[in-house]
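A.B. asks: The sequence isn't on hand, but the structure is:
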């Protein structure tokens, strides 16, 4: 009986783990039925050629047996082997290919080492008895008996249909008996194969539905799998917070390298670094609100010039990430700011020089 709490469809990870254990939806009857249908079709297709080959073999055998001077039987053996191989290789090869296609169509070729591992519980007589009398064992027995009974019923129906001809077989010659027998054998074969295909198709659908039911998950199973693969949400949130704090600390450490801090007095602060060897000024730190106040405090601590320019501060904050150079469209306005700072620094240095008036 299915667990009523398992209401969720299986996740891809659960399906993959089941596949690694060899747990896939597969009907052995479907593989057998496809091989049987292929065999019947190939025999029907190649029947005239096969008949001609075996007639030739029979003729050679009779000629060899009636020869007045018996000779070596090697040519006859070679001919027999050639005829057998020519007749059987095509049938066996195509039937094997059909069986392989049937296996691939039901989920591919699965290699599950865990299913092949030795398990002492399999040697337990109690476990074996439990398996023999389990619901699955009874189900497998019924699934084997039903198509067999259907084929028996089909065979009996064909014989009853032509019962009058069956009663007259003793009065027919060998060719008539052979023709009747082959025709009815082929009819029984292809109709039985059709029954097997229909039955095995239904069996595969049942196996697939059973597998889906077995793999269903409860909400707790989903949460456990999520924690296993993605980590606990609270732990992940804490890790993200720590990562943000680490990035922020590293960024604030770069403020001391800045040449100027552009501010929007109460909201934005962007620290720019520029050296003569650099192609363009680079943003070394930026922030809003609390982070902006921290940048300004560090700028005051390291005696870094601060310029209030709300439009420029806003544009730099929105357009440039930390560690990137400013875009060309901001070159002119940033150059004007830097030039003003350099002039102010030069005037301060000149006024502080000895002998300056």
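C.D. replies: Sure, I can see it. Please read all numbers here as calculations on a predicted model, not as lab measurements. Residues are numbered from 1 along each chain as shown.
A.B. asks: ok, and the helix or strand in the chain with the lowest average confidence?
C.D. replies: Counting by mean pLDDT, DSSP states H and E, the chain has its least confident helix or strand at helix 113-116, which shows a mean of 51.
A.B. asks: next one: phi and psi at residue 333?
C.D. replies: Backbone torsions of residue 333, given as degrees, to the nearest 10, read phi -70, psi -40.
A.B. asks: any idea how far residue 349 lies from residue 257?
C.D. replies: Separation of residue 349 from residue 257 (CB to CB, to the nearest Å): 21 Å. For glycine as for every other residue, the C-beta is placed from the backbone atoms N, C-alpha and C.
A.B. asks: remind me which residues of the stretch 151-300 of the chain are low pLDDT?
C.D. replies: Scanning the stretch 151-300 of the chain with the threshold set as pLDDT under 70 gives 175, 228-235.
A.B. asks: quick one, helices of it?
C.D. replies: 163-167, 174-215, 219-230, 233-253, 290-301 (DSSP state H, counting those that start in this stretch).
A.B. asks: so which of those comes closest to residue 28?
C.D. replies: helix 174-215 (8.3 Å; CB to CB).
A.B. asks: For the closest one, name the packing helices and strands.
C.D. replies: helix 12-20, helix 28-65, helix 135-161 (3 or more CB pairs under 8 Å, 6 or more residues apart in numbering; DSSP states H and E).
A.B. asks: could you check the angle helix 12-20 makes with it?
C.D. replies: Orientation note: helix 174-215 sits at an angle of 140 degrees relative to helix 12-20 (axes from the mean of the first three to the mean of the last three CA atoms, to 10 degrees).
A.B. asks: Please state the offset of helix 174-215 from the chain centre?
C.D. replies: Remark: helix 174-215 is offset 32 Å from the chain centroid, using CA atoms, centre = their mean, to the nearest Å.
A.B. asks: could you check the angle helix 135-161 makes with that helix?
C.D. replies: Relative orientation of helix 174-215 versus helix 135-161 (the same axes, to 10 degrees): 160 degrees.
A.B. asks: most packed of the helices and strands packed on helix 174-215?
C.D. replies: Of all the helices and strands packed on helix 174-215, helix 28-65 has the most neighbours on average by mean count of other CB atoms under 10 Å, namely a mean of 16.
A.B. asks: How about the contacts made by the closest residue to residue 196 other than its chain neighbours?
C.D. replies: In space, not counting the residues next to it along the chain, residue 196 is nearest to residue 33; the distance is 3.6 Å by CB to CB, 6 or more residues apart in numbering. Shown in contact with residue 33 (CB atoms under 8 Å, 6 or more residues apart in numbering): 193, 196-197, 199-200.
A.B. asks: Could you export those to TSV, including columns for distance to residue 16?
C.D. replies: What follows is the contacts of residue 33, written out as TSV (distance: CB to CB, whole Å):
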residue	distance to residue 16
193	35
196	32
197	30
199	30
200	26
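A.B. asks: I'd like to know which of those residues is nearest to residue 278.
C.D. replies: residue 200 (74.2 Å).
A.B. asks: distance of that closest one from residue 164?
C.D. replies: Taken as CB to CB, the span from residue 200 to residue 164 is 35 Å.
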